[in-house]
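> the following block contains a protein sequence and its predicted model.
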Amino acid sequence: MLRQATHILPIRASRPGLHEFTDSAANWVAESGISDGLLTIFCRHTSASLVIQENAAPAARRDLERYFEHIAPEGAGYEHRDEGPDDMPAHLRTALTQTQLSIPVSRGRLQLGTWQGIFLFEHRRSTPERQLALHLVGE
Amino acid sequence: MLRQATHILPIRASRPGLHEFTDSAANWVAESGISDGLLTIFCRHTSASLVIQENAAPAARRDLERYFEHIAPEGAGYEHRDEGPDDMPAHLRTALTQTQLSIPVSRGRLQLGTWQGIFLFEHRRSTPERQLALHLVGE
Amino acid sequence: MLRQATHILPIRASRPGLHEFTDSAANWVAESGISDGLLTIFCRHTSASLVIQENAAPAARRDLERYFEHIAPEGAGYEHRDEGPDDMPAHLRTALTQTQLSIPVSRGRLQLGTWQGIFLFEHRRSTPERQLALHLVGE
């Protein structure tokens, strides 16, 4: 019989950029009592986002952070500047990446590939605490 | 006992760009009789897309529209031009944003953050009526 | 009564770029015995991704491939180069598109729009076999 579970996962990045939280999500799933189903992670913010990326090479992570600094830069003549120079680029980088991810779960484990990690992509320099809403449906 | 509900939400933007429909989605969820679960919104088009963004500052919305006009511009020497100069940029902007979003629902309410709104991102100047397929699973 | 089904769909692109697999996904759904629900497709890789795009015009597909070659190019001074010049652009193009898609299913059919196809976006020149994890919940 299918059932569901929910959780709010608070998370705070130590610095702007990619912050892996695969273990926190996997641990909650393992404790949920649901071994087969679908996990959804929803980021409740517009200046931080989600991305699944290579979890092995720190250089790949740095390249990705630099890429988004380049493609959605600060100081590009934005109209919306009330909340600081890193605010509008944060919204753009959020739009270009993900606010939500769903990942199948089998036998209590996330069906991630060998090299995949789940990351919070923190776009603000102030790195406020973020809330991720987790939803799991399965049996 | 889990169950599901579905709906086709027709929506027409008044102009190209971001068009908020958070209330329409929330109202359908409230009337569905399912108070806790997962809402999925699927955009059945390749020249309009979905984005969750800041719903308070109109300037942020304008900056976001200008950014996508800049990053995936018209007239960039595209091979596919049969359907007008705004067609290929529409496909690119769709690929860069979202065709589908899933949002947890708790006690009858979408678990959006304080500043999050759900937007149709209309990329065509003709602004045809769009169909969003909604799916809700829960109890 | 809701239930779920899962499947691993192996897929290998014949060349880098967009590779449609709509029929493979639709056929699995049709054989699952679940006629109404939600299909989730999860790409278990960080150098290949998913995109829903126009399935009629080959020129649109070529424009989209060229666009991503342009916006996340090879040889842009990346720090991470161990796995070849096409590796870091592959991660960036993956971050800009989708790792996961969920599509409502009604009466045994994916609720795609008329012009929508589901594509694997292969970013590596070696085109290794990829695994897509499928999850279907419904009745």
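Thanks, I have it. These figures come from a predicted structure and were not determined experimentally. Numbering: from 1, shown residues only, chains lettered A, B, ... in the order given.
> okay, strands next: where are they in chain A?
A:3-11, A:17-20, A:37-43, A:48-54, A:100-106, A:109-110, A:116-122, A:130-138 (DSSP state E).
> okay, these in JSON lines with mean neighbour count, distance to B:S126 and mean pLDDT next?
From N, CA and C alone the C-beta is placed, and that goes for glycine too. Formatted as JSON lines, these follow (neighbours: other C-beta atoms under 10 Å in any protein chain shown; distance: least, C-beta to C-beta, whole Å; pLDDT from 0 to 100):
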{"stretch": "strand A:3-11", "mean neighbour count": "16", "distance to B:S126": "41", "mean pLDDT": "98"}
{"stretch": "strand A:17-20", "mean neighbour count": "18", "distance to B:S126": "39", "mean pLDDT": "98"}
{"stretch": "strand A:37-43", "mean neighbour count": "25", "distance to B:S126": "33", "mean pLDDT": "98"}
{"stretch": "strand A:48-54", "mean neighbour count": "25", "distance to B:S126": "31", "mean pLDDT": "97"}
{"stretch": "strand A:100-106", "mean neighbour count": "23", "distance to B:S126": "29", "mean pLDDT": "98"}
{"stretch": "strand A:109-110", "mean neighbour count": "16", "distance to B:S126": "42", "mean pLDDT": "98"}
{"stretch": "strand A:116-122", "mean neighbour count": "23", "distance to B:S126": "34", "mean pLDDT": "98"}
{"stretch": "strand A:130-138", "mean neighbour count": "23", "distance to B:S126": "36", "mean pLDDT": "98"}
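> for chain C, give me its nearest residue in chain A.
Proximity of chain A to chain C (C-beta to the nearest C-beta) peaks at A:G113, 3.4 Å away.
> state the pLDDT value of the nearest residue to that residue once chain neighbours are set aside.
Leaving aside its chain neighbours, A:G113 sits nearest to C:R44 (3.4 Å; criterion: C-beta to C-beta, 6 or more residues apart in numbering or on different chains). Predicted confidence (pLDDT) for C:R44: 98.
> can you report how many residues neighbour C:R44?
By other C-beta atoms under 10 Å in any protein chain shown, 20 other residues sit near C:R44.
> pretty sure it sits against C:P128.
No - the criterion here is C-beta atoms under 8 Å, and C:R44 misses it with C:P128 at 11.6 Å.
> need the strands of chain A in JSON lines (columns: distance to chain B).
Converted to JSON lines, these look like this (distance: least, C-beta to the nearest C-beta, whole Å):
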{"stretch": "strand A:3-11", "distance to chain B": "6"}
{"stretch": "strand A:17-20", "distance to chain B": "18"}
{"stretch": "strand A:37-43", "distance to chain B": "5"}
{"stretch": "strand A:48-54", "distance to chain B": "10"}
{"stretch": "strand A:100-106", "distance to chain B": "5"}
{"stretch": "strand A:109-110", "distance to chain B": "16"}
{"stretch": "strand A:116-122", "distance to chain B": "14"}
{"stretch": "strand A:130-138", "distance to chain B": "4"}
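> list the contacts of whatever residue of chain A ends up closest to chain B.
For chain A and chain B, the shortest gap (C-beta to the nearest C-beta) falls at A:R44, measuring 3.3 Å. Applying C-beta atoms under 8 Å, 6 or more residues apart in numbering or on different chains to A:R44 gives the contacts A:R130, A:Q131, A:L132, A:A133, B:Q111, B:L112, B:G113, B:Q116.
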